[in-house]
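Asker: Predicted model, plus sequence, below.
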Amino acid sequence: MSKESTQTFRCSHKPTWCPGCGDYGVLNGVERAMAEFGRPPHEIAVVAGIGCSSRMPFFLSTYGFHAVHGRGLCVATGLKTARPELTVIAVGGDGDALAIGGNHFFHAMRRNVDLTYILMDNQIYGMTKGQTAPTSGHGIRTKSTPHGNPDMPVDPVWVALSSGATYVAQGLSSNPKQVAELVLGGLLHRGMAFINVLSPCVTFHKDVNKDTLKAASSELPAGHDVTSRGAALNVLIEADGSYPLGLIYKDPASKPFDERVASTFSARAESRTVIESLVASYA
Amino acid sequence: MSKESTQTFRCSHKPTWCPGCGDYGVLNGVERAMAEFGRPPHEIAVVAGIGCSSRMPFFLSTYGFHAVHGRGLCVATGLKTARPELTVIAVGGDGDALAIGGNHFFHAMRRNVDLTYILMDNQIYGMTKGQTAPTSGHGIRTKSTPHGNPDMPVDPVWVALSSGATYVAQGLSSNPKQVAELVLGGLLHRGMAFINVLSPCVTFHKDVNKDTLKAASSELPAGHDVTSRGAALNVLIEADGSYPLGLIYKDPASKPFDERVASTFSARAESRTVIESLVASYA
Amino acid sequence: MDRKSIVIRFDGQAGDGVLSTGQLLARAAARSGYEVLTQSFFLSEVRGGSSTFQVRLGYDPLLSPGERPDVVIALDEESAVKQSRELASDGLIMHPLGCDAETLGLKAGQESHGLDWKAIAVAAGATARSQNVVAAGFAAALVGIELGILEAGVAQRFAKDAAVAQANVRALNAGYESVTTALNGSRLSRRMAPSKGKPLLLLSGNEAVALGALVGGIRFYAGYPITPASEIMEILAKHLPRLGGKFIQAEDEIAALAMCIGASYGGQPALTATSGPGLSLMCELIGLAGVAEIPLVIADVQRAGPSTGMPTKDGQADLNLAVYGTHGDVPRAVLAAQTVADCFRQTIRAVNIAQKYHVPVILLSSQAISHSQETVELPNLDSISVYEEPLYPGPQAGEYQRYRAADDGMASLRAIPGTPGGMYRTGGLEHDVTGQPSADASNRVVMVERRAARLRAIEREHAKQETLGLPPNGRCQAGIIGWGRAASAAREAVPSLHASGWELGTFFPNLLWPLPVEPFQKLLEAGARVLYVCETNSSGQLAQLIRSQLSTLLVAHSVEVVSVTKDDGTPLSSREIQQQIERHAVNRTKHKSGSTLELGDIAHRASSEIPLQQ
Amino acid sequence: MDRKSIVIRFDGQAGDGVLSTGQLLARAAARSGYEVLTQSFFLSEVRGGSSTFQVRLGYDPLLSPGERPDVVIALDEESAVKQSRELASDGLIMHPLGCDAETLGLKAGQESHGLDWKAIAVAAGATARSQNVVAAGFAAALVGIELGILEAGVAQRFAKDAAVAQANVRALNAGYESVTTALNGSRLSRRMAPSKGKPLLLLSGNEAVALGALVGGIRFYAGYPITPASEIMEILAKHLPRLGGKFIQAEDEIAALAMCIGASYGGQPALTATSGPGLSLMCELIGLAGVAEIPLVIADVQRAGPSTGMPTKDGQADLNLAVYGTHGDVPRAVLAAQTVADCFRQTIRAVNIAQKYHVPVILLSSQAISHSQETVELPNLDSISVYEEPLYPGPQAGEYQRYRAADDGMASLRAIPGTPGGMYRTGGLEHDVTGQPSADASNRVVMVERRAARLRAIEREHAKQETLGLPPNGRCQAGIIGWGRAASAAREAVPSLHASGWELGTFFPNLLWPLPVEPFQKLLEAGARVLYVCETNSSGQLAQLIRSQLSTLLVAHSVEVVSVTKDDGTPLSSREIQQQIERHAVNRTKHKSGSTLELGDIAHRASSEIPLQQ
Ligand SMILES: Cc1ncc(C[n+]2csc(CCOP(=O)(O)OP(=O)(O)O)c2C)c(N)n1
Ligand SMILES: Cc1ncc(C[n+]2csc(CCOP(=O)(O)OP(=O)(O)O)c2C)c(N)n1
Ligand code: SF4
Ligand code: SF4
Ligand SMILES: [Mg+2]
Ligand SMILES: [Mg+2]
């Protein structure tokens, strides 16, 4: 079935995640999507921030960059913009994407660089052993909110949609097949594709697990028009706190960053001539 | 008509803005709102980031803090949380609020600290002499986008609403009276009040001026239900790029940050006893 | 029994409860009046895996976790095999049944015995999971800690469920008694004499910072989680509200520090804690606090950098950043803790400096201190002096001037928002005496000097609190300097250096910036011609700071500043310090007797020395 | 006529077109082959208000904008009054009709004349707005620049509208001719002899950095606007796309640098430009680039800090941050430009170092250089060497190792994403030779040394490109050191110091980190016992760096390092440098003849010196 074997994308280093961590499912989904996508590993780069989830690049056989906390998406933006012929995937956790990296998330979505961004949402800071994350439930007690979380949880899908993302989807790590489909869709999409994967932390946030997530998720309404941003927003409003799964929005007219302004410089001019005439303009 | 004279809030330093800058109108509106609100200047603190607009604290007679670029809202959050009995107003420009400060904007809105935040939106970086800002129009040419702005403009009202702000309004700097009303409403609101004021830069972005802004603005639909977030979102969707003016949303059930988790520690315990027993717990 | 301290190491798989075993023993020892120092070892990469916890106990204050364990208690075979390599030459290793001295590759003088921890637990009526309590009982009996004190600890730990507590107390007893059966007389050699001390607190470095913050008057915390600092935040999140204080988990470190600035501008003493990456992000705001003269404490619990580095490993390489990290020249103070007790004291001192001098203060701790526990005397809160900042009282004759000239570099009175008549505006722009922006050259000169003078004022007050050590005759040939955890190791190295004939002056400052000058001057006057500067980093950051700040003195006395460093993720040890110093001395003598030094080489090496090479 | 240079200052209200007047004259002078240096003065606080532009022109390279103007051309009375106070003692001031020598308070030897600039413009058939073109014509005639060259400039400026252009050329001619009527013979004394030079480029520092970036091979820029660096971004935004390069305006400086890291990881040479506040924000990512060994150039156009400081004023106080700004020890290079020509050359050098050694390079410029224009020779692109990075070519025998050991601290081959067989993973964690995370102590030691050796390798190659100056006899008593704009001022001060009997060695390095050791060594060997270190900041940052890095040398030769500094928002001038050096020498002699020095005092002052006090 696959164009490349998923094995092609597995690297020799075994994941260091806790046994049972949701991120294994995401990794699996990503490998499948890559296999289906069919580009060889050397044409793909995976860029991450910091967090358990952000370790993913080290477990894949592609090029990989593990940046600093919250900035993975910016590194990916630079890489893809400089090297448009590569396939660039960015990954991160909910803290990485929405706490320290929240602004980059927002601007990356609206900039619409042709990236695929996968957020592993465990509603907690896993790597630092269990503090409240932006997606953590209101009122829950964690190490950093011993008296209850005062904040309301952020819905990453809502944020992505309302920041201008042109491809927005959601999956469960316990369903790697769907994750693979959504990621593949993202790889094929021209512009920023955002896939939120609910991927539990079995060590530091046991209350949110495979079963509770499954129970809290919902299907998209029949006949949902994925090309309508209004319909997509509506899905979220109607979802009323549950997690709608699948492809929620895809802008068929998406213009990636590079193409948003008609450039008169599409052909690479002879550098030497350009520079000489520029220098001369200061004479 | 005012409880205090607007003069009370004017400080001896004349604003250093360019003649004709929209920010004069905002300052005027703020002074009026303060006068109407009736608290003396020493019980008010105005906190800003960096930018032309962010100079406002220096032109008022209240306490004032001019922080660094993008971080005014965080300083205001700390100040208000530490000193809840003060009235704290934060101000900034569109770059300050939505470029470098975008993440703080997002989190401040959802944290719902009892602040009033006034954004002076001139769709440009005024202070640095005319580069593209997050609210700048798509395709426009500025110093930093000589070939046209590739990004779509951000709607601050939309961002505020979708980040969880509990009071969201929009005004024109050319109508200080309305600005005053909206700001006063914000001062009275319990929780984060956001007022976007379209306030043109007459020096570095002449295309967006009093007249074009006025022409592009719209009234709220008759019978608009300000207490409904859905209705508010709808106003924005319907506005279709125009600027709806007035109070767009106000959550009547808004619970400010401090009250979002029932605290068992409402009364300030005797510090000495608490600390002693805490120390003893390590014995 | 002339044993002064004993090192016991517990090892097992994740979930075996190794940590609680060690903690039970450690706390009981502290309650018995022993000095205790514990350390846990993390593997940063793999979640799960093995887990190691080490307890050292003795009579005198302990300066390091100790190197080779005297006793290893391994809960599974893999751990036993691993730890057998670490065992002291006369050490004892306890392992589960099924492996023997041969499997473990023990050497003559080393001793091993097998015990079925789980079976003992089950036999005592507890579940197999209580094997760790059995191990704790065993260890306690081995070193001679009273059973009653341990029983109380177990009861406390399982206070939520009486039946479980009872079962565990039985497991504890069984473990305690198993010593007699398992060992054949050898036990007595591991016994410690009863301690004569009072019961002590057992605190980790992070706990001590959090307590110090509360005692010092901190009533606002905003922060962002990061290893190895997060516990400071977690403790304050829990306890600040009970003191009327406020806690915010910020969206990042920049927001955290900005919130602290807001709170402190509002008159609430504020602190944030972070590690290197967070401190790097805070640089811009440190400058803001410096210019606006906002009191502030940043606790930087260092880990092995640069960048993400080795987040669960130790290092002390943030000194340069703490001293120099912001654009422009700005006053600040930098303090470093050397021990857990120091974490407590220096945090309070940091708050005092911040509030008195209106500067940001950076308190350096490190991974090795933050997560190791040490015994600390119960502090007498009455004897701790906490600075009460005088404030602008309200309307006075004449305009209020936030930045009015003050004598001797002292801070001028703050008007806290809410104070009538004190309204002023300030921020990060250069300002005049009122706080209003000014780009005037002559005003600028005044403000620059105002800030520089602040630094001198801090030095004036605080240099004398840093104590120099000199041999009885008041003379020395060299000085040994150190900061942070490396200072503790250096202290530990001093007796044996003295024993091998060195005449050493010692200076282990907590205050690193402004660098205290007088103690150095005295050291050189006492005869020191070489300064050995001990620190766990690769470039010798304090050594460079000393060279840069004390150049005139060094030139006048012809002093060589030598870096004693290591940067492999583990704290510099006393043994390593002694080795490096002795190796340097040998080379030096060689050079002296041979041809002249290649000065360029040496100067150059100063900026790039590698361990054991200078 | 023995005049070597002339300083002409234009002054008027915002909107008067003062800037374009000055630029017209400056460019015409450059085209005529004069050396030109221009400077505009900003008032940071008030928008609008008055506007000042100064043009200095001469035959030899100019090292400063000059102090007092020889000629002032004031377009309104207020400006005339203000500028009359600045006028040189034999200066000429031209003012609009209606004020006279008395209103202006002129002294004997100074000369003034009135002209109705607007009327002349109108009479010539232009609008009153063309008064500034009239003024340009007047100034050109005064100094003796050919009319034709100016006419071409005017035609170019108004190229969009032929009628306007013609009217302005007429205004220009009228201004040019008005010299004869307005002055009575005195004009000849301001005339410069024709220049013998070739036409020169006229560039600002920021323009030179942008050009240098393009010539050096930069093909990716991400940045965030900030005064005084924004023009670099604006120029590259315009021209990169024409070269197939990419430009992104980022949401902040952190994002900007992270984008550059991504682009550079992808093999595109990348640069960002900022000022102090932005550099402070970039500290964390500098460490990432250092550990991951990503080539990168950060141009920091310094302004007077700390914090927001005085954004339109000059300062050079970001050196500490550039050298030390990140947690942990990390390799990087720091270069500083002293002139506009330097901005061009050092930017190319920065790109070369970054690409060759795989390190972040920080290029320091400052407000005073960034916005002042200087004449620069038309560069011969063929003679500029741009480093071509060799890359991992694709599948080879054996596994690709990104961080394989390389000789002499050199970088190892990069595999650029897209290269078959080169796939590797890296980032900010400590890693093994393949890039995979490792917290192993022995691996760590290797990697730490690898990074330290990189720094030594850069020093090895680049120290020799920094040139020392010695008096003809090869001996000196003192050294004068300087960096950035202050180095230019120091160069300017040297002849008159020599004239007053000083035997000075000179060393004005562009490379500040790693600090080149050998030139200092030679300086000391040539006899220098005092090093005067000139820089526009208050703590003497380079002086401290020298003390910290060259301690062994300083001790061996008993050298005093003395800071020559100022930090009032204006560049240190040659006059101030000379004064400070001479004052120090006098004090030194006094001290020498009196009682011994209080060494503590001096050591202490080293860290807190204020202008003219050491
Ligand atoms: C600047 C900085 N701040 C804080 C940290 C510590 N830190 C590492 S990962 C992390 C958050 C992890 O949460 P998330 O992004 O949700 O990833 P997860 O581990 O849950 O997959 C934090 C706070 C850091 N490495 N760098
Ligand atoms: C960290 C940092 N980056 C950049 C700047 C430069 N800067 C000052 S104000 C500003 C933006 C101004 O735009 P806006 O916030 O919209 O305010 P306006 O001037 O338009 O009112 C910028 C980029 C700075 N001061 N600090
Ligand atoms: S701590 Fe949580 S998120 Fe991290 S690897 Fe373990 S289960 Fe996964
Ligand atoms: S530059 Fe623009 S925003 Fe700034 S003061 Fe002038 S008109 Fe207002
Ligand atoms: Mg998470
Ligand atoms: Mg703006």
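Answerer: On my side now, so go ahead. Ligands and ions are numbered 1, 2, ... in the order given.
Asker: Would you check how far apart C:Ser230 and C:Ala273 are?
Answerer: 8 Å (Cβ to Cβ, to the nearest Å). In short, each C-beta sits where N, CA and C put it, glycine included.
Asker: Could you pull out the residues contacting both of the two?
Answerer: C:Asn206 (Cβ atoms under 8 Å, 6 or more residues apart in numbering or on different chains).
Asker: Settle it for me: which of these two has more neighbours?
Answerer: Using other Cβ atoms under 10 Å in any protein chain shown as the criterion, C:Ser230 and C:Ala273 rank with C:Ala273 on top: 32 against 25.
Asker: Name every strand pairing with the strand or helix carrying the more buried one and say which way it goes.
Answerer: In this assignment (DSSP states H and E), C:Ala273 forms part of strand C:270-274. Here strand C:270-274 is paired, per DSSP bridges, with strand C:220-223 (parallel), strand C:296-302 (parallel).
Asker: Show me what secondary structure element comes after it.
Answerer: Per DSSP H and E, the helix or strand that comes after strand C:270-274 is helix C:276-281.
Asker: hang on, the earlier thing: who touches the strand holding C:Ala273?
Answerer: Residues contacting strand C:270-274 (Cβ under 8 Å, 6+ apart): B:78, B:82, C:206, C:209, C:213, C:218-224, C:226, C:229, C:232-233, C:236, C:253, C:256-257, C:259-261, C:263-264, C:282, C:295-301, C:347, C:351.
Asker: Around A:Val154, how many other residues sit close by?
Answerer: If we define neighbours as other Cβ under 10 Å, then A:Val154 has 23 of them.
Asker: ok so, going back, okay, the strands paired with strand C:270-274 in JSON lines with distance to ligand 2, mean pLDDT and mean neighbour count next?
Answerer: Below are the strands paired with strand C:270-274 laid out as JSON lines (distance: least, Cβ to the nearest ligand atom, whole Å; pLDDT from 0 to 100; neighbours: other Cβ atoms under 10 Å in any protein chain shown):
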{"stretch": "strand C:220-223", "distance to ligand 2": "20", "mean pLDDT": "98", "mean neighbour count": "30"}
{"stretch": "strand C:296-302", "distance to ligand 2": "19", "mean pLDDT": "98", "mean neighbour count": "31"}
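Asker: is stretch A:68-87 anywhere near ligand 5?
Answerer: No. Stretch A:68-87 does not reach ligand 5 (Cβ under 5 Å from the ion); its nearest approach is 11.5 Å.
Asker: do that stretch and chain C meet?
Answerer: Yes. Against chain C, stretch A:68-87 shows contacts by Cβ under 8 Å from any Cβ of the partner chain at A:Val68, A:His69, A:Gly70.
Asker: Can you measure across that stretch, start residue to end residue?
Answerer: 21 Å (Cα to Cα, to the nearest Å).
Asker: Check stretch C:212-223 too.
Answerer: Rule used - Cα to Cα; the end-to-end distance of stretch C:212-223 is 17 Å.
Asker: Could you give the backbone dihedrals for the closest residue to C:Gln373 other than its chain neighbours?
Answerer: Closest residue to C:Gln373 apart from its sequence neighbours, by Cβ to Cβ, 6 or more residues apart in numbering or on different chains: C:Thr38 at 4.3 Å. Recorded main-chain torsions at C:Thr38 are phi -120, psi 160, according to degrees, to the nearest 10.
Asker: swap in A:Ala90?
Answerer: Torsion angles, degrees, to the nearest 10, at A:Ala90: phi -110, psi 140.
Asker: List the contacts of stretch C:430-440.
Answerer: B:13, B:58, B:66, C:291, C:399-405, C:424-427, C:429, C:443-444, C:447, D:43-45, D:304, D:309-310, D:312-313, D:569.
Asker: Mind checking what secondary structure A:Lys206 has?
Answerer: coil (DSSP: H, G, I helix; E, B strand; the rest coil).
Asker: if I look at whatever residue of the stretch 101-250 of chain A ends up closest to ligand 1, how far off is A:His138?
Answerer: Per Cβ to the nearest ligand atom, A:Gly126 is where the stretch 101-250 of chain A lies closest to ligand 1, at 3.1 Å. Separation of A:Gly126 from A:His138 (Cβ to Cβ): 20 Å.
Asker: Those two: who's more crowded?
Answerer: Set side by side, A:Gly126 and A:His138 show more neighbours around A:Gly126, with 31 against 12, by other Cβ under 10 Å.
Asker: Next to chain B in this structure, residues from the stretch 201-350 of chain C, please.
Answerer: So the stretch 201-350 of chain C meets chain B at C:201-203, C:207, C:211, C:214-215, C:219-220, C:222, C:239, C:241-244, C:246, C:248, C:250-252, C:254-255, C:258-268, C:270, C:284-285, C:288, C:292 (Cβ under 8 Å from any Cβ).
Asker: And the next helix or strand past the host helix or strand of C:Val122?
Answerer: In the assignment (DSSP H and E), C:Val122 maps to helix C:117-123. The helix or strand immediately downstream of helix C:117-123 is helix C:131-143, counting by DSSP H and E.
Asker: Adding distance to ligand 3, write the strands paired with strand C:270-274 out as TSV.
Answerer: Below are those laid out as TSV (distance: least, Cβ to the nearest ligand atom, whole Å):
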stretch	distance to ligand 3
strand C:220-223	20
strand C:296-302	20
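Asker: A:Val30 falls within a strand, correct?
Answerer: No. Read with three-state DSSP, A:Val30 is helix and lies in no strand.
Asker: Quick check: closest non-adjacent residue to it.
Answerer: A:Val183 (5.8 Å).
Asker: quick one: contacts for the residue of the stretch 1-150 of chain A at minimum distance from chain B?
Answerer: Using Cβ to the nearest Cβ, A:Asn103 is the residue of the stretch 1-150 of chain A that sits closest to chain B, at 3.6 Å. By Cβ under 8 Å, 6+ apart, the contact list for A:Asn103 reads B:Ile100, B:Gly101, B:Gly102, B:Asn103, B:Phe106, D:Glu251, D:Asp252, D:Ala255.
Asker: quick one: contacts for A:Val157?
Answerer: A:Val157 neighbours (Cβ under 8 Å, 6+ apart): A:Val168, A:Gln170, A:Phe194, A:Asn196, A:Leu236, A:Pro244, A:Ile248.
Asker: so how far is ligand 4 from C:Leu25?
Answerer: 67 Å (Cβ to the nearest ligand atom, to the nearest Å).
Asker: close to chain B, is the helix or strand hosting that residue?
Answerer: Assigning secondary structure by DSSP H and E places C:Leu25 in helix C:18-31. Yes. Using Cβ under 8 Å from any Cβ, helix C:18-31 reaches chain B at C:Ala30, C:Arg31.
Asker: tell me the mean pLDDT for that helix?
Answerer: Averaged over helix C:18-31, pLDDT sits at 94.
Asker: Which neighbouring elements make contact with that helix?
Answerer: strand C:5-13, strand C:35-41, strand C:50-58, helix C:131-143, helix C:147-157, strand C:201-204, strand C:373-376 (3 or more Cβ pairs under 8 Å, 6 or more residues apart in numbering or on different chains; DSSP states H and E).
Asker: Which one of those lies nearest to C:Asp116?
Answerer: Comparison of the helices and strands packed on helix C:18-31 against C:Asp116 by Cβ to Cβ identifies helix C:131-143 as nearest, at 8.7 Å.
Asker: Just the buried residues of that closest one, please?
Answerer: Using 16 or more other Cβ atoms under 10 Å in any protein chain shown as the test for burial, helix C:131-143 gives C:131-143.
Asker: need those in a markdown table with distance to A:Glu270, can you?
Answerer: A markdown table is the format used below for the buried residues of helix C:131-143 (distance: Cβ to Cβ, whole Å):
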| residue | distance to A:Glu270 |
| --- | --- |
| C:Gln131 | 76 |
| C:Asn132 | 73 |
| C:Val133 | 78 |
| C:Val134 | 80 |
| C:Ala135 | 76 |
| C:Ala136 | 77 |
| C:Gly137 | 82 |
| C:Phe138 | 80 |
| C:Ala139 | 77 |
| C:Ala140 | 81 |
| C:Ala141 | 85 |
| C:Leu142 | 81 |
| C:Val143 | 80 |
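Asker: Make CSV from these and add pLDDT and distance to ligand 3 to it.
Answerer: Output for the buried residues of helix C:131-143, formatted as CSV (pLDDT from 0 to 100; distance: Cβ to the nearest ligand atom, whole Å):
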residue, pLDDT, distance to ligand 3
C:Gln131, 94, 24
C:Asn132, 94, 22
C:Val133, 95, 26
C:Val134, 95, 29
C:Ala135, 95, 26
C:Ala136, 95, 27
C:Gly137, 95, 31
C:Phe138, 94, 32
C:Ala139, 94, 30
C:Ala140, 94, 33
C:Ala141, 92, 36
C:Leu142, 91, 35
C:Val143, 91, 35
